[in-house]
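Colleague: 3D model of this:
(2 chains)
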Amino acid sequence: MTVRVRFAPSPTGSLHIGSVRTTLYNWIFARQHGGTLMLRIEDTDQDRLVEGAIDSIYDGLRWMGLQWDEGPREGGRFAPYVQSERLPVYLEHARKLVESGAAYPCFCSKERLDQVRKAQAQRGEVTRYDGHCRSLDPKEAATRTGFERHVIRLKVPDEGTIALDDIVYGHIEWPLKSIDDQVLMKSDGFPTYHLAVVVDDHVMGITHVFRGEDWLPSTPKHLLIYRAFGWDVPPHGHFPNVLGPDSKKLAKRHGATRVEQFRTDGFLPEALLNYLALVGWSPGTEDEIFSLEQLVATWRIEHVQKAGGKWDLERLRWFNGMWIRRLGHEELAARLEPFLPDHWDRAVVRAAVPILQERLVTLADARDLLEFLFVVLVEPDAALLVPKKRTPEEVVAILSRTEVALRYLEPFEAGPIRSALEGVAADRGLSLRDTTIALYPAITGKRAGLPLFDGIALLGKERALARLREAQDRLAA
RNA sequence: GGCCCGGUCGCCUAGUGGACUAGGGCGCUUCCCUUUCAAGGAAGAGGUCAUGGGUUCGAAUCCCAUCCGGGCUACCA
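Modeller: As a prediction, the model looks like this:
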């Protein structure tokens, strides 16, 4: 049997980091089995649709390097892949269940349902549908459906249990009496999620159902629907949730959760994928750095764990630095492109890449680190110019002595600049370290950053000398 | 309230009855390297394996109970 898996997001917002993790696991599983991965859009709730959500899914996953075989834009044997375009399929299936007696039309108004629930709650009972329309005469009910607003409900047995052997969570059983008569078709003619997933997964030949842990409680409903149709239940596997710092499902209020945000913040897709893969899965060895290909080679669904994992931005940042350092210089320069102003001289940027690389945590950090090479003045204030334990007079002396030492220096490169500054240090009876610290703000406008000698060389003699003078003027003022 | 799931250092995790004096990574501290900052190297602090009972010669690992956390409980997904 050829593996066919799917990921099925609802277009209710930008692509969420949690969906990416689920998609990643699906993608790896498909790759490992030479199977097919498909994208299905679950837009059965017309009230929650968000403009541009599908674009966000496509853009985000393409950026991450996860591709799939069938979907709304790529088509496929089971098109359409958008549930709102498949309404007749669900209607037809719902009709079959009504005919077989497994489901029934329900004419109860939302108001009545609310009242029932409220009354039950007051009496301290479990709130659930009271079965009001369950015993209606089928013929009479059928005629009423012609002109009366209604939903279709699944007839859930009152007795017994239903069980699942989940690939990740193991054997789970639910008492049927804890399950409500689930709505299958809504009164607006759209199916509920429960009907739509089961029908589509079956009809589209899905061989493994993988999704987030939060779906576990709904699974018995789905099992019941499979049973009502007389279909085999494909293996299910639930993945633990990605959590916020408060242990609740990761959500907007916890900070950045949109893939797009991480992209603009300067994270590498390699790092995001690597980090994400390790939330809820581990190889059982001490290896931590994994490319997509390496994940395909080592990931095992048996090693996916049950407990939810908290989102840890610091750890993601560490992975990002690791991946940035693994990039070739040309590649890094290319990735930096969207983060740099257009007018910055790319030749200078390229020259700076080797010393920049190990100082980056995100690509966005490059701008701050390189800025001093491209602005006319760095405008350090006097407080910044004078390091602790130094007087302004001392700094002025170092500055002016350096100016002299650099004025006729040839070639104007990091090595000779170092020698020149060693001379300055010796003259002033200082260590090279103290000299560097005293010079650093004058040249870069900052207390720390790229190496000074390279920075001066990159800056060029004219501008370096100008900055040394500017700093002296500022200290004199 | 009901049903279900989970619970190893602050965080991600290894561990599936004996090699566990519970291992690795992030973060934190210190040191080395060093032109600042990083990166790199080394060391360290940090865990009564949620708690209490069992089972066993032996339990983080098996069983029971308790506690805590979470998910679901919609004509949302």
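Colleague: show me the strands in chain A, by range?
Modeller: Using DSSP state E, the strands of chain A run over A:4-7, A:36-39, A:103-106, A:151-154, A:161-166, A:170-175, A:183-185, A:209-212, A:236-239, A:242-243, A:309-310.
Colleague: is it possible to get a markdown table of those that adds distance to RNA strand B?
Modeller: (Each C-beta comes from the backbone N, C-alpha and C, glycine too.) Formatted as a markdown table, these follow (distance: least, C-beta to the nearest atom of the strand, whole Å):
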| stretch | distance to RNA strand B |
| --- | --- |
| strand A:4-7 | 11 |
| strand A:36-39 | 13 |
| strand A:103-106 | 8 |
| strand A:151-154 | 5 |
| strand A:161-166 | 8 |
| strand A:170-175 | 4 |
| strand A:183-185 | 4 |
| strand A:209-212 | 8 |
| strand A:236-239 | 8 |
| strand A:242-243 | 6 |
| strand A:309-310 | 3 |
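Colleague: in TSV, list those strands along with distance to A:Ile443 and mean pLDDT.
Modeller: Formatted as TSV, the strands of chain A follow (distance: least, C-beta to C-beta, whole Å; pLDDT from 0 to 100):
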stretch	distance to A:Ile443	mean pLDDT
strand A:4-7	51	98
strand A:36-39	52	98
strand A:103-106	76	97
strand A:151-154	72	98
strand A:161-166	61	94
strand A:170-175	63	93
strand A:183-185	69	98
strand A:209-212	52	97
strand A:236-239	51	97
strand A:242-243	44	96
strand A:309-310	42	96
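Colleague: mind checking how far the lowest-mean-pLDDT helix or strand in chain A is from the chain centre?
Modeller: For chain A, using mean pLDDT, DSSP states H and E, the weakest element among its helices and strands is helix A:382-385, scoring a mean of 90. Mean-position distance between helix A:382-385 and its chain equals 41 Å (C-alpha atoms, centre = their mean, to the nearest Å).
Colleague: list the contacts of that helix.
Modeller: A:Pro392, A:Val395, A:Pro441, A:Ala442, A:Gly445, A:Lys446, A:Arg447, A:Ala471, A:Arg474, A:Leu475, A:Ala477 (C-beta atoms under 8 Å, 6 or more residues apart in numbering).
Colleague: A:Pro240 touches A:Lys306, doesn't it?
Modeller: Yes. Between A:Pro240 and A:Lys306 there is a contact at 5.9 Å, judged by C-beta atoms under 8 Å.
Colleague: common neighbours of those two, please.
Modeller: Common neighbours of A:Pro240 and A:Lys306 (C-beta under 8 Å, 6+ apart) are A:Val168, A:Glu213.
Colleague: which of those two has more residues huddled nearby?
Modeller: Ranked by neighbour count (other C-beta atoms under 10 Å), A:Pro240 and A:Lys306 place A:Pro240 first, with 20 against 13.
Colleague: quick one: end-to-end length of stretch A:204-213, please.
Modeller: 23 Å (C-alpha to C-alpha, to the nearest Å).
Colleague: flag every buried residue along stretch A:257-277.
Modeller: By neighbour count with 16 or more other C-beta atoms under 10 Å, stretch A:257-277 contains the buried residues A:257-259, A:262-263, A:266-277.
Colleague: buried among the contacts of helix A:382-385? Need that as a selection in ChimeraX.
Modeller: The following ChimeraX line selects those of these that are buried, judged by 16+ other C-beta under 10 Å:
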select /A:395,441,442,445,446,471,474,475
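Colleague: just checking: which of the contacts of helix A:382-385 also lie near RNA strand B?
Modeller: Restricting the contacts of helix A:382-385 to those touching RNA strand B (C-beta under 7 Å from any atom of the strand) yields A:Arg447.
Colleague: and of the contacts of helix A:382-385, the nearest to A:Leu136?
Modeller: Relative to A:Leu136, the closest of the contacts of helix A:382-385 is A:Lys446; by C-beta to C-beta it sits at 76.9 Å.
Colleague: gap between A:Gln115 and A:Pro283?
Modeller: 54 Å (C-beta to C-beta, to the nearest Å).
Colleague: who has more neighbours, the two?
Modeller: More neighbours surround A:Pro283 than the other of A:Gln115 and A:Pro283, with 17 against 12 (other C-beta under 10 Å).
Colleague: not counting its neighbours along the chain, what's nearest the more buried one?
Modeller: Excluding the flanking residues, the one nearest A:Pro283 by C-beta to C-beta, 6 or more residues apart in numbering is A:Thr298, at 5.0 Å.
Colleague: the one you found and RNA strand B, how far apart?
Modeller: A:Thr298 is 12 Å from RNA strand B, where distance means C-beta to the nearest atom of the strand, to the nearest Å.
Colleague: that residue: neighbour count?
Modeller: If we define neighbours as other C-beta under 10 Å, then A:Thr298 has 17 of them.
Colleague: just checking, it touches A:Trp281?
Modeller: No. The criterion here is C-beta under 8 Å, and A:Thr298 misses it with A:Trp281 at 9.6 Å.
Colleague: pLDDT weak spots in chain A?
Modeller: Across chain A, nothing is flagged by pLDDT under 70.
Colleague: tell me the residue in it that is farthest from the middle.
Modeller: A:Asp427 (55.3 Å; C-alpha atoms, centre = their mean).
Colleague: so what's it up against?
Modeller: A:Asp427 sits in contact with A:Arg401, where contact means C-beta under 8 Å, 6+ apart.
Colleague: out of the contacts of helix A:382-385, which one sits closest to RNA strand B?
Modeller: Set against RNA strand B, the nearest of the contacts of helix A:382-385 by C-beta to the nearest atom of the strand is A:Arg447 (5.9 Å).
Colleague: how about that closest one, what does it touch?
Modeller: The contact partners of A:Arg447, by C-beta under 8 Å, 6+ apart, come to A:Leu384, A:Tyr440, A:Pro441.
Colleague: for A:Ala8, give its distance to RNA strand B.
Modeller: As judged by C-beta to the nearest atom of the strand, A:Ala8 and RNA strand B stand 7 Å apart.
Colleague: nearest residue to that residue in space, please, no chain neighbours.
Modeller: A:Arg40 (4.4 Å).
Colleague: surely the one you found is in contact with A:Val209?
Modeller: No. Using C-beta under 8 Å, A:Arg40 makes no contact with A:Val209, being 12.0 Å away.
Colleague: how deep is A:Leu243 tucked in, by neighbour count?
Modeller: Neighbours around A:Leu243, by other C-beta under 10 Å: 19.
Colleague: which ones are touching it?
Modeller: With C-beta under 8 Å, 6+ apart, A:Leu243 has these contacts: A:Lys249, A:Leu250, A:Gly308, A:Gly309, A:Lys310, A:Trp311.
Colleague: which of those residues sits closest to A:Arg317?
Modeller: Out of the contacts of A:Leu243, the member with the shortest distance to A:Arg317 (by C-beta to C-beta) is A:Trp311, at 12.1 Å.
Colleague: having no further points to raise, I will conclude here.
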